[in-house]
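Student: sharing a sequence plus its predicted fold:
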Amino acid sequence: MGVVFSEGLVDFMEKIKQLEMVGISKSFHGIPANDDIHLTINSGEILGLLGENGAGKTTLMNILYGLYQPDSGQIKINGQRVKIRTPQESMAVGIGMVHQHFALIQPHSAVENIVLGYQHAPLFFPQKKIRDDVLAFSKKFNFDIDLNKQVWQLSAGEQQRVEIIKALFNGADLLILDEPTSVLTPQETQDLFVILNRMKQEGHLIILISHKLDEITELCDRVTVLQKGRIVGHADTKDVDKRALARMMIGRDVIFNIEREEIPRSEKVLSVTNLVVKGDKGISMVKGITFDIHKNEIFGIAGVSGNGQRELVEAITGLRKSESGEVRISGTDITNQPPDKIYNKGISHVPEERIKFGIAPGLYLYENAILKQQRSDKFSSRMFLAYKGIKEHARSLVDAFQVATPSIFIQTKNLSGGNIQKLILGREIDGKPPVLVASHPTYGLDVGATEYLRKQLLQRRKEGGAILLVSEDLEEISELCDRIAVIFQGQFMGILEADDPNIKDIGLMMAGTLQL
Amino acid sequence: MVRIKVTDRESISRKRSVMTLIVSLIAGITAMGLIFLMSGANPFYAIFKIFSGSFGSRYGIMETITKAIPLILIGSGLAVAYRAKFWNIGAEGQLLAGAIAGTWVGLNWGPHLPSYLIVPLMFIFGFAGGAFWGAIPAILKIRYSVNEVISTLMLNYICAEILTFLIVGPWKGKTKFGYPYTDDLPASAILSTISGTRIHYVTLLLGIFTVIILGIVIYKTRFGYEVRVIGENTHAAHYAGINFFKATVIIMVISGGVAGMAGIGEVAGLHHYLLYPGSVSSGYGFTAIIVAWLAKLNPFFVILSGLFFAGILVGGDAIQISLGLPAATVQVFNGTLLVFLIMGDYFLKNKVTLKWAKD
């Protein structure tokens, strides 16, 4: 297997030249997640695994990584059947996986994290003995990263590289990457592709889970499309265009360029003036930001995560106190008011990390349908909640916003991410609030749900809503927004009209090298 | 080699939760049987004795109800606190604080007031005393991030020492021949009992009333909704504009307050004067923790689980006498049951499969 980096640590396992999954089926509670899946990948190849959320991509890869056991079917390496029952066994045969959410210990250095997962590390002083090996190894692959830094000091892209080194160092021939670009800047994405192409040339096998068509067509040699647990198509990426792939993935045509009608901007609704907000570490994360949003306008904030977007949104919605500056809605000062007051003044909020902030996971769907509105007269009389009305409201939200659920009496945590997000969005915009603040509303959602949510945002715009959209997805920002502000280290690098010719340089602005 | 695989259960049916509960109780009682066996007693006889002692005779049943009174009161309050994930293990102290405040009212105002005034006043002050003692850790937690497990536990000892100080010092009774007790409460302040039993029915009715109120609070009111949101996800609670400070203090005022009512109920209904802290509380504050969990934090079920544990306490007294086992046996029994209930909960939430592998 794997890479030999010093004497005595050689493993005699054969290198993976070909991996086959034959007839893999797996169901949960009688619902098939994978149904008779066959796929093959050869050395020096990048295979894209494309599909909507819930299509079974991650389940399939978790089977390969030993997290799940298939109900039937087998895995073959170089023609020989192997049993993979745990991630340890998976690593031992040369398979590594980089999850969407990194599994790194934040206060430890990168090199310590790599050594921690290393199977052949000696019991005493492991990092000392292996540090040099790790450093030499990362140099060989040209990973440009200071491995002695602590993980929390690294950017998302750097953390991802640490994960990749960790897998390779453990001898991974086959690397599985689950939605690897969802946290990266355009530049970091390009860097990642360079690394992956180099690995490919070295004879590695790479499986890329994604629902972004661009990166599949750009990076992969072949693509396998899953839909509802079944394979619905294989293709060589050079023979297929994006539209055909999209149709394969969701079984119908998707409108990729959503129509955004021209609507003239009318009066100002939300005004933010010289806002300064401190982050959790006591450092100013928002350093004097000023902007207005008008009726019938979607105002986008583009930028890499961690440049003050969260603090800005939290200050506007009342979740965090600002140090100075002002937030006004239609002229009324709402600076540093509590979140329920601000909500009542007409600012609703689709929070980032929908499960962490947006719902109480153990409560029923209908109970989550009124979160934050529990004090409104509509759903409570004096001390009591009007459960009858609440249930009716929940049913109408489920219908109006296409939340796929067996009933409103299920614990909300059992819904899929897309359906939770539809519920949250529905809850937030059903009352037609003047202002909607949406943070990463389509993050991690499949194409179908994404399209739906974007259309709903445009609908709100048409109805006269003022929308603040924070997103890392440039495609989303450029499709939806009337104006785009680029945030870098707590300041706007510029505010662009949607048709501004400078929009092509937005990547440079996100990286802080260009200010307009 | 055996492989153990643990996966989350996605949905839990009612039937499964009931079965898990029954299996956990049977397993716990079986484990207790082994302990009886080791201490030389016939386990079947001992366990039979426990349940026949508590539920097998009129006297037993009446005693069980008597002991269930404080357990139901405290348990329903703890259920509210635990719903919000506020780990109040200070019900002992809150009970004593209520006993102190209520007794003060009884001793000082009792001689001048008729029963129908002094009894409600004692319970109001008992509630206030427990509420005050419960609010302290709530404020400490929200304002200064003091872990409530530590603060509530420590406040138990502080309150016990205050009580001891009072009964050996300023409140020491003139009629008690130098014993560290207060004087008897005046007749108007003593709760009457169902004849031939020790059941002080005023407190019992108060307990049932509390259960109903708290059940409605949890499941029907806006406040109960907010408590459940806090317990599920503090981030979401913040997002929903729930005032943590206010909510947490109210939760602990309720939880401490009902424990305080249990405290003054014990003094006015059973002891009739204030005595050593251990005798006033009899460990009800701790036993009620198990009562609340066995009831799955549902105030209505607290009535059943309260009776069950009261039965074990009474049965424990019975086997002390008939089998000559040490008094601590009951505590071992309670502890063992709690361990098995917690284990049962783990198996309810997770699916554990064993696989025999050949190598």
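Tutor: Structure's in. What do you need? Residues are numbered from 1 along each chain as shown, chains lettered A, B, ... in the order given.

Student: need phi/psi at B:Gly33.
Tutor: phi -60, psi -40 (degrees, to the nearest 10).

Student: what about the closest residue to chain B within the stretch 401-516 of chain A, how many neighbours?
Tutor: Closest contact between the stretch 401-516 of chain A and chain B, by Cβ to the nearest Cβ, is at A:Asn414 (6.3 Å). Placement of C-beta: from N, CA and C, glycine included. Burial of A:Asn414 is recorded as 14 neighbouring residues (other Cβ atoms under 10 Å in any protein chain shown).

Student: for it, give me the pLDDT.
Tutor: pLDDT recorded at A:Asn414 is 78.

Student: for B:Ser13, give me the pLDDT.
Tutor: pLDDT recorded at B:Ser13 is 76.

Student: tell me the domain ranges of chain A?
Tutor: A:18-250, A:268-510 (automatic domain parsing).

Student: with adjacent residues omitted, what lies nearest to the residue in chain A that chain B sits nearest to?
Tutor: Closest residue of chain A to chain B, Cβ to the nearest Cβ: A:Asp340 (2.8 Å). Nearest in space to A:Asp340, with sequence neighbours left out and distances taken as Cβ to Cβ, 6 or more residues apart in numbering or on different chains, is B:Gly241 at 2.8 Å.

Student: next one: A:Thr442
Tutor: In space, A:Thr442 is closest to A:Thr450, 4.2 Å off (Cβ to Cβ, 6+ apart).

Student: so how many other residues sit close to the one you found?
Tutor: Around A:Thr450 there are 23 residues (other Cβ under 10 Å).

Student: is it in a helix, a strand, or coil?
Tutor: helix (DSSP: H, G, I helix; E, B strand; the rest coil).

Student: right, and B:Lys220 touches A:Ser381 too?
Tutor: No: contact criterion Cβ atoms under 8 Å: B:Lys220 and A:Ser381 do not qualify, at 11.2 Å.

Student: find me the pLDDT at B:Ser115, would you?
Tutor: pLDDT, B:Ser115: 89.

Student: and the spatially closest residue to it that is not a sequence neighbour, how close does it get to A:Leu47?
Tutor: Sequence neighbours aside, B:Ser188 is the residue nearest to B:Ser115 in space, at 4.5 Å (criterion: Cβ to Cβ, 6+ apart). Separation of B:Ser188 from A:Leu47 (Cβ to Cβ, to the nearest Å) stands at 86 Å.

Student: who has more neighbours out of these two?
Tutor: When B:Ser188 and A:Leu47 are compared for neighbours, A:Leu47 comes out ahead with 24 against 17, by other Cβ under 10 Å.

Student: for that one, what are its contacts?
Tutor: A:Leu47 makes contacts with A:39, A:41, A:205-208, A:220-224, as judged by Cβ atoms under 8 Å, 6 or more residues apart in numbering or on different chains.

Student: ok, the residue of the stretch 101-250 of chain B found nearest chain A - contacts?
Tutor: Residue nearest to chain A within the stretch 101-250 of chain B (Cβ to the nearest Cβ): B:Gly241, separated by 2.8 Å. If a contact means Cβ under 8 Å, 6+ apart, then B:Gly241 has A:318, A:338-341, A:343, A:372, A:375 as its contacts.
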